[in-house]
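Asks: Predicted model and sequence below, questions to follow.
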Amino acid sequence: MHRFLYLDGIRALLCIWVVLFHYTERYNQLYNYSFGFSFENGGVVGVAFFFTISGFVTMYTVSCLLYTSPSPRDVE
């Protein structure tokens, strides 16, 4: 089965993006301090991209398993 390393890297960056979004927003609420940059709904965008890529990887894996594994009729 083929592994998409670049998609794993993009998913990791999107996870970091979402964590930073939540951290900076919550920090601003608690301490009334802004870091000087804003994600502008970055959490929503990051989550949408993350789940889109994850859905592709999951469906690709399932389709590879379905088409490469032997059927019950072939095992006999």
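Replies: Arrived safely. Numbering: from 1, shown residues only.
Asks: Without its sequence neighbours, what residue ends up closest to the spatially most central residue of the chain?
Replies: With the centre of the chain defined as its mean C-alpha position, the nearest residue by CA atoms, centre = their mean is residue 50, 2.8 Å away. Closest residue to residue 50 apart from its sequence neighbours, by CB to CB, 6 or more residues apart in numbering: residue 14 at 4.3 Å. Glycine gets a C-beta too; all of them are placed from N, C-alpha and C.
Asks: buried ones in the helix or strand hosting the one you found?
Replies: Here residue 14 is covered by helix 5-31, with elements defined by DSSP states H and E. Counting neighbours by 16 or more other CB atoms under 10 Å, one finds that the buried residues in helix 5-31 are 11, 14, 17-18, 20-21, 24.
Asks: Skip ahead from it and say which helix or strand is next.
Replies: Next along the chain after helix 5-31, taking DSSP H and E as the criterion, comes helix 42-68.
Asks: Against which helices or strands is that next one packed?
Replies: Other elements packing on helix 42-68 under the criterion 3 or more CB pairs under 8 Å, 6 or more residues apart in numbering; DSSP states H and E are helix 5-31.
Asks: Report the angle between the helix it packs on and helix 42-68.
Replies: Orientation of helix 5-31 against helix 42-68 (axes from the mean of the first three to the mean of the last three CA atoms, to 10 degrees) gives an angle of 150 degrees.
Asks: Now do helix 5-31, average pLDDT.
Replies: Per-residue confidence for helix 5-31 averages out to 86 on the pLDDT scale.
Asks: Number of residues surrounding residue 54?
Replies: Counted with other CB atoms under 10 Å, the burial measure for residue 54 works out to 13 neighbours.
Asks: Would you mind measuring from residue 5 to residue 26?
Replies: As judged by CB to CB, to the nearest Å, residue 5 and residue 26 stand 32 Å apart.
Asks: The nearest residue to residue 4 once chain neighbours are set aside: neighbouring residues, count only.
Replies: Using CB to CB, 6+ apart and skipping residues adjacent in sequence, the residue nearest residue 4 is residue 57, 6.5 Å away. Residue 57 is flanked by 15 other residues according to other CB under 10 Å.
Asks: Cool, thanks, talk later.
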